[in-house]
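> Sequence isn't available, so here's the structure alone:
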């Protein structure tokens, strides 16, 4: 909460009396911000909800902000005598702050944005059912990081300093906070490690210290992380220390899979294996057949026209299939049945999607039991059930070390509790908690001290990745969350830009030209996007200009190592934990940050009460910027950038509007005859009419350009065309070849 013109703001505050929410009167309940409790500050958003409740008609953002600020110059306020309402002038916040607060409430489904019939572009704010409940029983403020986070500083005792000296050779490369994390002898340790602070190094060095200097049996040590990539990195570092063969390094899933294979005969009544990609395809297709629906119809029900845009048929099917398995796993982890009341559909179309997915999930569950199959959720849950029945078979570990602790879910915590190690060491960063939507619960890292009162909390705030200018910017981006600031160890030059473009095409063209001109190794360049659609479209432009690259999307979870001449393109969730010299974050608008449109319709409709959606979206933006070592380009097209880029942040960035002269389309495919494109479009138009679907669903424009440019002569060459997977080649291959070769 920032001060207005350097002075303390006088604001009202909400409070509870006799179990009821009491809002301030304009003349009485006001006090200086400095004297307010954290609870009072966190409840301020209730003024917005209460204002919407008492204004007798739908209002726009400007009117609502003027009402809250007490602006009598607004004609609507005067004409409708809104200045007589109790909450008029209840909040002396700046416009940016109120805008952010309103957007937070929209993102958390407490305020609805509805169109006016007369003009679809005019959006009115209205209190939702959830918003009305929030006024009576506030819970949103409890999900905010600032409410839960207790800032702690690493305490260095004289004994710590003595040990630092004793093991000086072993610890010489590390700062004091890292040293304490490596050698702490407390039974429970939480290491809060900021971006670029060397958390993996600290974790693996602690393992080495335990074995070499504390004589711990390496077979009694278990190190757990989340991804195969992180596991491989940890194993590489332990191998360099000569400990690879003795220390157990696993992901949660690989650990459980080993237990299940070892004790299959005690757990199941028949052999059970992990599902394959082919199994998933068979199951979803069979489920659709069972409910008398084919894949084409399922795609029409599940995705809107906007969600289909820019994606191939294969990509849409993959998203849909993965979403079905995600929903099944999500509710299995929650130990809840998959029922319609667990979703919040906003339209009749969405209701059809929910019913379809529930039917598919129920079919999947029955099929997997019948055919002896298990997936990630089953691995964890079946292991827990087995351990609870056979306590004597639970492996015993003296030390368990857990990486990325901010991402754990309740089922994983249950597993750790059953293993019940004498010593537990957890590394994580609340700032980088961005998986609440898939069940991760940030409260586990925030409440660590509550669970383990006599623990060590060690904070690593020294950033060894980014320049001071980038670190100052990312600190500012989450300032209101009241997390401790990072300190950079690299001065570096200021190379941060916020760049505005007149269109997305020009924005993408700028990024491509900048990459081509740069002398930075290509594998040290990341282009990050919030959605897969942006990645797909930029990737096709890069292919057309022969810019080599690899794509890491939400649907491509396999680890990809970029070659020296490749640029990595990625979604932010897919790139977490990696870094590059130069980073582009594209599409920095209010549509993408926070993300308004979902590429996963049913997942978006799951009721989630454990976290603040808007605050998690801010952390996604933070993660994207914190990947950059030296150079950071934030780009957007349209009127204005995301409100996540505050006024203070803009002062720290070089902001400019960029005029790009994009290459003419003809340059991308100089020798393609115009009549071929025309013939392909005519053919597509006829198919579009025949199947009653938009033309781009049949085939994307870029597919047509690629066909005309490459001029495939036989069916095997069609596999090299953008957007032509096996299904489309089978459907349209002969016709395409005929058009090309006529």
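Cool, got the structure. It should be emphasised that the depicted structure is a prediction, and the values quoted were computed from it without experimental measurement.
> after the helix or strand in which residue 500 is found, next one along is what?
Secondary structure here is read from DSSP states H and E; on that basis residue 500 sits in strand 496-501. Stepping forward along the backbone from strand 496-501, the first helix or strand reached (DSSP H and E) is helix 504-517.
> For that following helix, buried residues please.
In terms of neighbour count (16 or more other Cβ atoms under 10 Å), helix 504-517 has its buried residues at 504, 506-515. Where C-beta positions appear, they are placed from N, C-alpha and C, glycine not excepted.
> Could you check how many residues crowd around residue 600?
Applying the criterion other Cβ atoms under 10 Å, we find 20 residues in the vicinity of residue 600.
> could you dump the buried residues of helix 504-517 to TSV with distance to residue 165 and pLDDT?
Rendered in TSV, the data for the buried residues of helix 504-517 read as follows (distance: Cβ to Cβ, whole Å; pLDDT from 0 to 100):
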residue	distance to residue 165	pLDDT
504	58	91
506	59	91
507	55	94
508	56	94
509	58	93
510	54	93
511	51	95
512	54	94
513	55	92
514	49	93
515	49	94
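> Now do residue 648 against residue 490, distance only.
When Cβ to Cβ, to the nearest Å is the yardstick, residue 648 and residue 490 sit 22 Å from each other.
> Surely residue 569 is in a helix?
No. Assessed by DSSP: H, G, I helix; E, B strand; the rest coil, residue 569 does not belong to a helix; its assignment is strand.
> What confidence value was assigned to it?
Each residue has a pLDDT score; the one for residue 569 is 88.
> Next, the nearest residue to residue 233 once chain neighbours are set aside: phi, psi?
When the adjacent residues along the chain are set aside, residue 233 lies closest to residue 200, with 6.2 Å between them (Cβ to Cβ, 6 or more residues apart in numbering). The main-chain torsion angles of residue 200 are listed as degrees, to the nearest 10 and equal phi -70, psi -40.
> Could you measure from residue 200 over to residue 229?
Taken as Cβ to Cβ, the spacing of residue 200 relative to residue 229 amounts to 11 Å.
> what's the answer for residue 590, then?
When residue 590 is compared with residue 229 (using Cβ to Cβ), they lie 32 Å apart.
> Could you pull up the residues touching the residue nearest to residue 233?
Residues in contact with residue 200, defined by Cβ atoms under 8 Å, 6 or more residues apart in numbering, are 230, 233-234, 237, 403.
> Kindly indicate which of these lies nearest residue 185.
Nearest to residue 185 among the contacts of residue 200, counting by Cβ to Cβ, is residue 403 at 20.5 Å.
> That closest one touches residue 203, doesn't it?
Yes. Residue 403 lies in contact with residue 203 (Cβ atoms under 8 Å); the separation is 5.9 Å.
> Tell me the backbone dihedrals of residue 463, please.
Comment: the main-chain dihedrals of residue 463 come out as phi -90, psi 120, following degrees, to the nearest 10.
> which residues touch it?
Listed by Cβ under 8 Å, 6+ apart, the contact partners of residue 463 are 194-197, 471, 486-490.
> Among these, which are located in strands?
Assigned to strands by DSSP state E, the following of the contacts of residue 463 qualify: 487-490.
> between the residues you listed, which has the most around it?
For the ones in strands among the contacts of residue 463, counting by other Cβ under 10 Å, the largest number of neighbours falls to residue 488: 20 neighbours.
> so the closest residue in space to residue 321 that isn't next to it in sequence is in which element?
With Cβ to Cβ, 6+ apart as the measure, residue 284 is the residue that lies nearest to residue 321, at 5.0 Å, once sequence neighbours are left out. Element membership of residue 284, judged by DSSP H and E, is helix 277-290.
> what about the longest helix in this structure?
For the chain, the longest helix by residue count, based on DSSP state H, is helix 348-371.
> what is the mean pLDDT for that one?
When pLDDT is averaged over helix 348-371, the result is 91.
> what do you get for stretch 312-330?
Mean per-residue pLDDT for stretch 312-330: 90.
> Just give the number of residues close to residue 291.
Applying other Cβ under 10 Å, we find 12 other residues in the vicinity of residue 291.
> gap between it and residue 362?
Taking Cβ to Cβ as the criterion, residue 291 is separated from residue 362 by 10 Å.
> Quickly list what's touching both of residue 403 and residue 203.
Listed as contacting both residue 403 and residue 203 by Cβ under 8 Å, 6+ apart are 223, 234, 427.
> just these now: which is nearest residue 54?
residue 427 (47.8 Å).
> Isn't the closest one up against residue 404?
Yes. Applying Cβ under 8 Å as the test, residue 427 and residue 404 come out as touching, 7.4 Å apart.
> Tell me, please, where in the stretch 451-600 of the chain the pLDDT is lower than the cut-off.
554-563 (pLDDT under 70).
> So in this protein, where's the weakest helix or strand by average pLDDT?
helix 665-668 (a mean of 38; mean pLDDT, DSSP states H and E).
> can you give me the strands for the stretch 1-150 of the chain?
Secondary structure of the stretch 1-150 of the chain (DSSP state E, counting those that start in this stretch): strands located at 10-12, 15-17, 20-22, 30-32, 111-116, 119-127.
> one step back: mind listing what's buried in the longest helix of the chain?
350, 353-354, 356-361, 363-365, 367-368.
> any chance of the residues you listed in a markdown table, with distance to residue 53 too?
What follows is the buried residues of helix 348-371, written out as a markdown table (distance: Cβ to Cβ, whole Å):
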| residue | distance to residue 53 |
| --- | --- |
| 350 | 26 |
| 353 | 31 |
| 354 | 29 |
| 356 | 36 |
| 357 | 34 |
| 358 | 34 |
| 359 | 39 |
| 360 | 40 |
| 361 | 37 |
| 363 | 44 |
| 364 | 43 |
| 365 | 42 |
| 367 | 48 |
| 368 | 47 |
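> Can you tell me which of those is closest to residue 55?
Closest approach between the buried residues of helix 348-371 and residue 55, by Cβ to Cβ: residue 350, at 28.5 Å.
> Please report the distance of the nearest residue to the closest one once chain neighbours are set aside from residue 386.
By the measure of Cβ to Cβ, 6+ apart, the closest residue to residue 350 outside its immediate chain neighbours is residue 605, 6.2 Å from it. According to Cβ to Cβ, residue 605 stands 34 Å off from residue 386.
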